[in-house]
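Engineer: Please work out how this folds:
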Amino acid sequence: MMLGKPIEAVRAGAAAEVPDDAALLAEPEDPDSRAAALDGLLSDEGLRADYGQRVRRRAALFTHEHMMAGYRTVIEALSRA
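Structural biologist: Now for the predicted structure:
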């Protein structure tokens, strides 16, 4: 995700949760669905560019700095409770 490359993921658990709307999601038990998602990315330059931008924005939420700020917020809230 940090490289800004569009991705295809299955619609199940963390595989769908982490990329959120930054990935083309396919059904895990449906190879045709996965093939269609990959074919779309391979054949459509505009789609690749769109999902490349989405994935870069989404990846920014997973930097060390962002995660540490989230931990800090939780710890501060717990210390006030």
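Engineer: I'd like the mean pLDDT over stretch 46-55, please.
Structural biologist: Mean pLDDT, computed over stretch 46-55, is 94.
Engineer: if we look at the helix or strand hosting residue 48, which residues are touching it?
Structural biologist: Assigned by DSSP states H and E, residue 48 belongs to helix 45-59. Contacts of helix 45-59 with the rest of the structure, by CB atoms under 8 Å, 6 or more residues apart in numbering, involve 1-2, 4-7, 18-24, 40-41. C-betas here are computed from N, CA, C, even on glycine.
Engineer: In this protein, mark out all the helices, start to finish.
Structural biologist: Ranges of helices in the chain, per DSSP state H, are 13-17, 31-43, 45-59, 64-80.
Engineer: I'd like those as CSV, with mean neighbour count appended.
Structural biologist: Converted to CSV, the helices of the chain look like this (neighbours: other CB atoms under 10 Å):
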stretch, mean neighbour count
helix 13-17, 11
helix 31-43, 14
helix 45-59, 15
helix 64-80, 9
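Engineer: follow-up on the earlier one: CA atoms only: put the helix holding residue 48 into CSV for me.
Structural biologist: The C-alpha trace of helix 45-59 is given here as CSV (Å, rounded to 0.1, in the frame of the first residue of the first chain):
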residue,chain,number,x,y,z
GLU,A,45,-5.3,2.8,-16.7
GLY,A,46,-7.8,5.3,-15.1
LEU,A,47,-8.9,2.6,-12.7
ARG,A,48,-5.3,1.9,-11.7
ALA,A,49,-4.6,5.6,-11.2
ASP,A,50,-7.7,6.0,-9.1
TYR,A,51,-7.0,3.1,-6.9
GLY,A,52,-3.3,4.0,-6.7
GLN,A,53,-4.3,7.4,-5.2
ARG,A,54,-6.8,5.8,-2.8
VAL,A,55,-4.3,3.3,-1.5
ARG,A,56,-1.7,6.0,-0.9
ARG,A,57,-4.2,8.0,1.2
ARG,A,58,-5.2,4.8,3.1
ALA,A,59,-1.6,3.8,3.7
